[in-house]
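**Student:** need a 3D model of the sequence below.
(chains A, B, C and D)
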4 protein chains.
Amino acid sequence: MGIKAAVAGASGYAGGELLRILAGHPEFEIGALTAGSNAGARLDSLQPHLWPLGERVLAETTPQTLAGHDVVFLALPHGQSGPLAEQLGEDVLVIDCGADFRLQSAADWEHFYGTPHAGTWPYGLPELPGQRERLRGARRIAVPGCYPTVSTLALWPAFAADLVEPDVVVVAASGTSGAGKSPKPHLLGSEVMGSMSAYGVGGVHRHTPEIVQNLSAVAGRPVTVSFTPTLAPMSRGILATCTAKVKPGVDAGAVRRAYADAYADEPFVRLLPEGQWPATAMTLGANTALIQVAVDERAGRLVAVGAIDNLVKGTAGGAVQSANLALGLPEQLGLTTIGVSP
Amino acid sequence: MGIKAAVAGASGYAGGELLRILAGHPEFEIGALTAGSNAGARLDSLQPHLWPLGERVLAETTPQTLAGHDVVFLALPHGQSGPLAEQLGEDVLVIDCGADFRLQSAADWEHFYGTPHAGTWPYGLPELPGQRERLRGARRIAVPGCYPTVSTLALWPAFAADLVEPDVVVVAASGTSGAGKSPKPHLLGSEVMGSMSAYGVGGVHRHTPEIVQNLSAVAGRPVTVSFTPTLAPMSRGILATCTAKVKPGVDAGAVRRAYADAYADEPFVRLLPEGQWPATAMTLGANTALIQVAVDERAGRLVAVGAIDNLVKGTAGGAVQSANLALGLPEQLGLTTIGVSP
Amino acid sequence: MGIKAAVAGASGYAGGELLRILAGHPEFEIGALTAGSNAGARLDSLQPHLWPLGERVLAETTPQTLAGHDVVFLALPHGQSGPLAEQLGEDVLVIDCGADFRLQSAADWEHFYGTPHAGTWPYGLPELPGQRERLRGARRIAVPGCYPTVSTLALWPAFAADLVEPDVVVVAASGTSGAGKSPKPHLLGSEVMGSMSAYGVGGVHRHTPEIVQNLSAVAGRPVTVSFTPTLAPMSRGILATCTAKVKPGVDAGAVRRAYADAYADEPFVRLLPEGQWPATAMTLGANTALIQVAVDERAGRLVAVGAIDNLVKGTAGGAVQSANLALGLPEQLGLTTIGVSP
Amino acid sequence: MGIKAAVAGASGYAGGELLRILAGHPEFEIGALTAGSNAGARLDSLQPHLWPLGERVLAETTPQTLAGHDVVFLALPHGQSGPLAEQLGEDVLVIDCGADFRLQSAADWEHFYGTPHAGTWPYGLPELPGQRERLRGARRIAVPGCYPTVSTLALWPAFAADLVEPDVVVVAASGTSGAGKSPKPHLLGSEVMGSMSAYGVGGVHRHTPEIVQNLSAVAGRPVTVSFTPTLAPMSRGILATCTAKVKPGVDAGAVRRAYADAYADEPFVRLLPEGQWPATAMTLGANTALIQVAVDERAGRLVAVGAIDNLVKGTAGGAVQSANLALGLPEQLGLTTIGVSP
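**Tutor:** Prediction:
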């Protein structure tokens, strides 16, 4: 008998990806699938690629339909997880793929989301120093945002080793699935194909305070982050280019050692061989983060580049990785590391 | 102890995809990886997405480097499999992803390939009537071409049920990975992005006689095939639109019943619910073929559409499916059915 | 003082493309721009690429706002052109980019559109035999559909020269702009990138009777057309693969001569040199149709392939070409023939 | 009788784009087309989209074949323009699209290119303060690099108005045509579609010193630039995200005024309305640069984003704009401002 898992928000991209991964996970049994306005529909009418589960019918997202499961994955619009989670048992593992419980600062939450803060849950990025231990046995986990996942993985080793100044620039290009499945004119294929565009410029993107929080925690002091997201003509993937000034005396060797040490034993993070740079397609469908780093001596800057699949390591794969830890399963169970490439 | 598998041609797209699948297969142990001009290179210098196998070094493709394995997968340029296979033991399972052993007619081979015919091996399309049984226990298997795989799956049920005339038109759009990894100007991203183009028009594509062979065998009489391949701006996937005149009295109900019967128990072929049409992205990375069929009463034609991932069901996944059968393993072992979508 | 032109439907893709072309046309002066639900908006809020016209405000589409122009281009949803055109002066040139006045058969119109037939206007495809003369001085012109434009150009020379049987198969791949700007889930970038899909299969696409009409007129007898449209991962372009059985005794030379004769003097149709096949990107932004043809002797079929930019030769460019003819201007005025490639 | 123009390097992407623009330019007559290894070929065998010029045969690139023209456009690999230009008459206008004459610092040239410095020509970016005047009547012009064009346009107004600190970060995403037409494995469509990747990270890209040069000249003191290029899955376009710390007391209003003033009268640079952000597709085929700017108060940074078509404003269009100036023609002649969008 497997571990019974429910997915709330099964009609969206994050929910669909959770189902793809859970369907291949040897320990999970897929229980209730729920949705909002799509409740009542067959799954294959909304997610035809999930045809082996296609006859399953979506229930409404309520505490009742989600009851009776060992794990509940929430893939809901921001703001919906809080009220719902309160009504799920304390012994149930609840994994929230939304933003509601990621931020520690209520002020930041209110500034960026404009609603009261629901609280803070253990943060599901096991690669952060000490974080893996905090996730073992946890019953509430906040899955990091996609941009913060890759930006943090690209930069925290530099802060942990005290190599850079606390003023960071991140420019990231995301595939369109990060913007969700709700149809909007600027997300039409006709608009995005063959085009790169900027959005959320000037520090207004909601993932900004999350990156600040992660890097400041590792640095042990406030880190300033200038974050600019851009939309790339691809369905999946994030490439994040991250830079900060190096401290005096820091050279390329010290930087490489810091990153090599940080990721020597990580199953899902790959520091690429020198001379190789990340490409998002290498991570497609896999729970992998590819990282590379260089020092620009003329500009006095460290430049780190990270690539992930935003729906896997950036959402659903990260969620399952944390669930494995929380449940005492092998961390890698049901997750792949080799991308579907080319 | 696993079943020891070698991959010859590990630096190309088909070889890389074989390795991706084999790395997740519970029964195979990956042995020798070999290549031609890339022999001596580390795998991750050529296939960076295969980083968990990245330190493996490519050996030269020779009978000696391929000896001592239970299974040898050949992913070589056409014409190289024949001489090599002769020097591999008769009790070794040899799965050829190339064209050398697909055709029964030496005349067809010579017409389309211009070299002497190497022979004919059991054809690795288990979904064809009676074919699954022929593959169990086989020690030599010819993996079908990508276009023939999807075209045959889209049309054979119509011939098996004697619903259509033996004069077929197939127009198929393929992603560029089908053209391989050897750099050519017309395959540059700059040329293919944002563009559909035709090539091999007029019956000259080498997959034509293979489609003829498959459909003629099911029909029990010669079938004429007009096959036009086109190149689509995507890395993977084939969408094949296939049409033939329906015989007098054949209606949509009869057609649907024939397809439903043909695929009722097939683990990797999905006849879509009525009203839904295949999209290649639904099959990305999965060993799935999606099929739909309609009757155009005004034109008096059956129109069947099939979608596959050319590198999975069209090559490496089909190869592993056949290997599973040959080795007496469960046919689905190590293969996924849910595409990485969107 | 220029020829004053209004564009109704200026917020959509066809309307935007008309404006792009008209803005570079030496004889036209752009007058009223109108829209439906977008009336009142600044043009650059909807069509930011049209920034040199960006401050123009969209009026409501009414006979009044369109009055006082020499030419009115209609780029409206099907069914809206009829009532509107009646209220525009008979001496005004009205160019309808919609379907309302394309079909001669009221029965076909009603079968495919389900509403009463508005009538038939001169058909804006000057390359058809005798058609150019009919357009000179005309005051009402129906712009052909995008699929019929390229399919007809690819096939009519074969019928004019009596080379093929009257049973045609057309499989065409279109960029997503052909589906318009109204946001729908299956048109999201996330869904269409990396994917080919079929739709409107089985003779139900509304462009089918228009292709039948064109080819039957040239053939002088009824032609049957099996038409399958597919959606390609690109914003613009149509590649149409068209085939029919050749009549006994017809060889490649006769076919080539027929096409060479048909297009020897056409400014916008290019029969490619032998061995070269069309790619849609070669036509991007240009009013060009690229055509190539081959004979498949084994299958006994002529295969013709055509490529256009669906928004230019397939819509707005064709509209301006016909307007030039109707107004006695040089046919090529304001139209380019070299695509923006790569 | 037109102004006679030769294009050296007519088989590449920059050369092809020059020909597309020149073919539509009312004052230029296209003379010699030359190439290196492709000399002797018909143009349409290499550039099929240029079919109206298709029968032209490429001559070898020599001083002799380029003699007798009023203007010579050089679109050659770096290092070839210098020796050639010396042998072209001093009264001939020579426009070099390569890098040879862009840099003022011989040390920078030698550091980044590893060869002796050929010299410095007037820099063809008329939008820089005072630069337009220097180009009028010039007989030698160095066309800026594509990345420096957009990065400089995005940032110079901030330096001209003394709003930012002289430490700049630029992260730019380019379409693949910027990498040229020479086939390399990492530029295959299969590799680039669906993927963002980084390259030339760490200050090693050759366009870096050119951006430094431009911004330092405007700032009147040394500016440090951290430049990271990335490769985006599109054929054309560059989106550059540029950021620098704002000086104390600088607010969004001051920034907007500076940019509005800088670009009020520029025909090819569009400061977008507030709230709108650039997308590269809006510039496709047009000589337009779209610019937007914001101030991130939390991070204390100005963030400017620019978009261009790398082959037009970034190369061939910029070249023709400068040629127009040098020859005393209207600056906008033969150049479009509306992109082929969507």
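**Student:** which stretches of chain A have low pLDDT?
**Tutor:** Low-confidence segments of chain A, defined by pLDDT under 70: A:1.
**Student:** and residue A:73, backbone torsions?
**Tutor:** According to degrees, to the nearest 10, the main-chain angles of residue A:73 amount to phi -100, psi 130.
**Student:** in the stretch 1-150 of chain A, which residue sits nearest chain B?
**Tutor:** Using C-beta to the nearest C-beta, the point where the stretch 1-150 of chain A gets nearest to chain B is residue A:49, with a distance of 3.9 Å. C-betas here are computed from N, CA, C, even on glycine.
**Student:** residue contacts, that residue?
**Tutor:** Taking C-beta atoms under 8 Å, 6 or more residues apart in numbering or on different chains as the definition of contact, the neighbours of residue A:49 are A:16, A:20, B:281, B:282, B:283, B:286, B:338, B:339, B:341.
**Student:** please repeat the previous calculation with a cut-off of 6 Å.
**Tutor:** When contacts are counted by C-beta atoms under 6 Å, 6 or more residues apart in numbering or on different chains, residue A:49 is found next to B:282, B:338, B:339, B:341.
**Student:** for residue A:16, see how far away the third one is.
**Tutor:** Separation of residue B:339 from residue A:16 (C-beta to C-beta, to the nearest Å) stands at 11 Å.
**Student:** show me which of the two is the more surrounded one.
**Tutor:** Set residue B:339 next to residue A:16 and count neighbours by other C-beta atoms under 10 Å in any protein chain shown: residue B:339 wins out with 30 against 26.
**Student:** so that one belongs to a strand, correct?
**Tutor:** No - per DSSP: H, G, I helix; E, B strand; the rest coil, residue B:339 lies outside any strand segment and is coil.
**Student:** please list the residues of the stretch 201-342 of chain A that sit near chain C.
**Tutor:** Selection of the stretch 201-342 of chain A residues close to chain C by C-beta under 6 Å from any C-beta of the partner chain yields residue A:235.
**Student:** quick one: the helices in the stretch 201-342 of chain A?
**Tutor:** Using DSSP state H, counting those that start in this stretch, the helices of the stretch 201-342 of chain A run over residues A:208-219, A:252-263, A:317-327.
**Student:** which one, of those helices, ends up nearest to residue C:94?
**Tutor:** Each of those has some distance to residue C:94 by C-beta to C-beta; the shortest is helix A:208-219, at 52.6 Å.
**Student:** that closest one packs against which elements?
**Tutor:** The helices and strands touching helix A:208-219, judged by 3 or more C-beta pairs under 6 Å, 6 or more residues apart in numbering or on different chains; DSSP states H and E, are helix A:146-160, strand A:224-231.
**Student:** tilt between that helix and helix A:146-160?
**Tutor:** 20 degrees (axes from the mean of the first three to the mean of the last three C-alpha atoms, to 10 degrees).
**Student:** which residues does the longest strand seen in chain A contact?
**Tutor:** The longest strand of chain A (DSSP state E) is strand A:164-174. Counting by C-beta under 6 Å, 6+ apart, the neighbours of strand A:164-174 from elsewhere in the structure are A:147, A:151, A:158, A:219, A:223-230, A:232, A:238-246, A:302, A:310, D:169, D:171, D:173, D:196, D:241, D:243.
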